[in-house]
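Asks: Just need the structure, nothing else, for what follows:
(one chain, ligands or ions: 1)
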Amino acid sequence: MVAKYLREPGVEIGAFLTPIPNIKPYYVDRFESYANQKTLADYFGDACALPFQDSSLNYVAASHVIEHVANPLAALKEWYRVLKSKGIIYMVVPDRRYTFDRPRPLTNVDHIIEDYHRGVTQVDGTHIDEFVFGVDWTLFSPATSPDKVEEEKRTMADAYRVDIANNREINIHFHTYEPESMVRLFEKGCAALKLAGKIKILEVLEKFPSNNPIGFLIVAQVRKPWIEQLKSSVAKRRATYPLRQVPERFNSLPRVRFEWKTS
Ligand SMILES: [Zn+2]
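Replies: Okay, here's the model as predicted:
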C-alpha cells in the first residue's frame, strides 16, 4: 500500500513509537519526548501547523492522529497547503466500532464543520465529558480497578477542565470516526474549506493494517490549480526548503495526560 502511493519527500505526523514502515519521511511531532520516550521528531509542529513550504511534499502520512485533533478540517487544509498537486494524504484512523470509543456516539460531520468555523484549537473543552465518561474504561484503562473507575473519571475530567481554564492544550480523542463518516468529512468538509483545488479519495480500506486491524485507511489525492502551484514555486526560491520556522506555540511544549495505546 505504502509503495503504491508514497514517494519522498513526505512527512509523517505523530509517528511516535510506531512509524509507518517502509517510508523515509520527515518526522513531525508536537513533543521531543512523550511518557519518557523520545519521539522521532525531526521538526516540531502538529497536524494543523506543519513546518513546510506550500506545495513542497509528495505525501502527508498520519496514523492514529486525526482523532486527537480538535479541528480536523483545519488539519486537512494544512495538509492540502503543504502538498504538491497530485500529492497524497495517507491516513490511518481508529474505527470507533473497534476501540475504547465504541460506546461514544459517532461524530456528526456538521459538528466538525462547525468546529472549523469556530476556529477550535487543542484548547477546547467541548468534548471532555463525552470522552472521559463515554469511553469504555475496561479498554481505555484496564489497570484501573472497577471500584475506582467512577472516581478516576471525575478526577480526569476535572484535571482537563483545569487545563482548559489555564489555556493549556489537552490530548483526548476529540471526535469519533467510521469509514463512511470520514468519506463524508472529505466530501462535505472539504467543500466548507473552499479550497482552490480538490481533495479526492482514492481508496478506503477497513480493518487496516492487518497487524492492528482496529482502524481504517484513507488514501486521498490533492489536485491544485496551476496558478497555486506556480505561486508556491516562486515562494520556494526565496525560502529555505523545506524547513519553515517552528511555530511560536511549540517553544513551550504542552503537557499531556494520556498516552493512547494501539494494543
Ligand atoms: Zn468538536
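
Asks: Rank the helices and strands of this structure by mean pLDDT and give me the bottom one.
Replies: In the chain, the helix or strand scored least confidently by mean pLDDT, DSSP states H and E is helix 226-238, which has a mean of 72.

Asks: gap between the most centrally placed residue in the chain and residue 58?
Replies: By C-alpha atoms, centre = their mean, the chain has its centre lying nearest to residue 66, at 2.7 Å. With distances taken as C-beta to C-beta, to the nearest Å, residue 66 is found 20 Å from residue 58. Placement of C-beta: from N, CA and C, glycine included.

Asks: and what of residue 154?
Replies: For residue 154, the distance to residue 58 (C-beta to C-beta) stands at 47 Å.

Asks: same check, this time on residue 207
Replies: The gap separating residue 207 from residue 58 is 27 Å, by C-beta to C-beta.

Asks: Those two: who's more crowded?
Replies: residue 58 (17 against 14; other C-beta atoms under 10 Å).

Asks: that's a strand at that one, yeah?
Replies: Yes: counting by DSSP: H, G, I helix; E, B strand; the rest coil, residue 58 is located in a strand.

Asks: so who does it touch?
Replies: By C-beta atoms under 8 Å, 6 or more residues apart in numbering, the contact set of residue 58 is 6, 7, 8, 9, 10, 83, 84, 87, 88.

Asks: Now, these that are in strands?
Replies: 10, 83, 84, 87, 88 (DSSP state E).

Asks: Which positions in the longest helix along the chain come out as buried?
Replies: In the chain, taking DSSP state H as the definition, the longest helix is helix 149-165. Neighbour-count burial for helix 149-165, counted by 16 or more other C-beta atoms under 10 Å, picks out 153, 156, 160, 163, 164.

Asks: could I get that helix in PDB with only the CA atoms?
Replies: Provided in PDB are the C-alpha atoms of helix 149-165 (Å, rounded to 0.1, in the frame of the first residue of the first chain):
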ATOM      1  CA  VAL A 149     -13.300   3.900  37.800                       C
ATOM      2  CA  GLU A 150     -16.000   6.500  38.700                       C
ATOM      3  CA  GLU A 151     -13.600   8.400  40.900                       C
ATOM      4  CA  GLU A 152     -10.900   8.300  38.200                       C
ATOM      5  CA  LYS A 153     -13.300   9.600  35.600                       C
ATOM      6  CA  ARG A 154     -14.200  12.600  37.800                       C
ATOM      7  CA  THR A 155     -10.500  13.300  38.600                       C
ATOM      8  CA  MET A 156      -9.600  13.100  35.000                       C
ATOM      9  CA  ALA A 157     -12.400  15.300  33.800                       C
ATOM     10  CA  ASP A 158     -11.600  17.900  36.500                       C
ATOM     11  CA  ALA A 159      -7.900  17.900  35.500                       C
ATOM     12  CA  TYR A 160      -8.800  18.500  31.900                       C
ATOM     13  CA  ARG A 161     -11.100  21.400  32.900                       C
ATOM     14  CA  VAL A 162      -8.200  22.900  34.900                       C
ATOM     15  CA  ASP A 163      -6.000  22.700  31.800                       C
ATOM     16  CA  ILE A 164      -8.700  24.400  29.600                       C
ATOM     17  CA  ALA A 165      -9.200  27.100  32.300                       C
END
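
Asks: What are the contacting residues of that helix?
Replies: With contacts defined as C-beta under 8 Å, 6+ apart, helix 149-165 is touched by 123-125, 128-129, 132-133, 137, 141, 144, 169-170, 172, 257.
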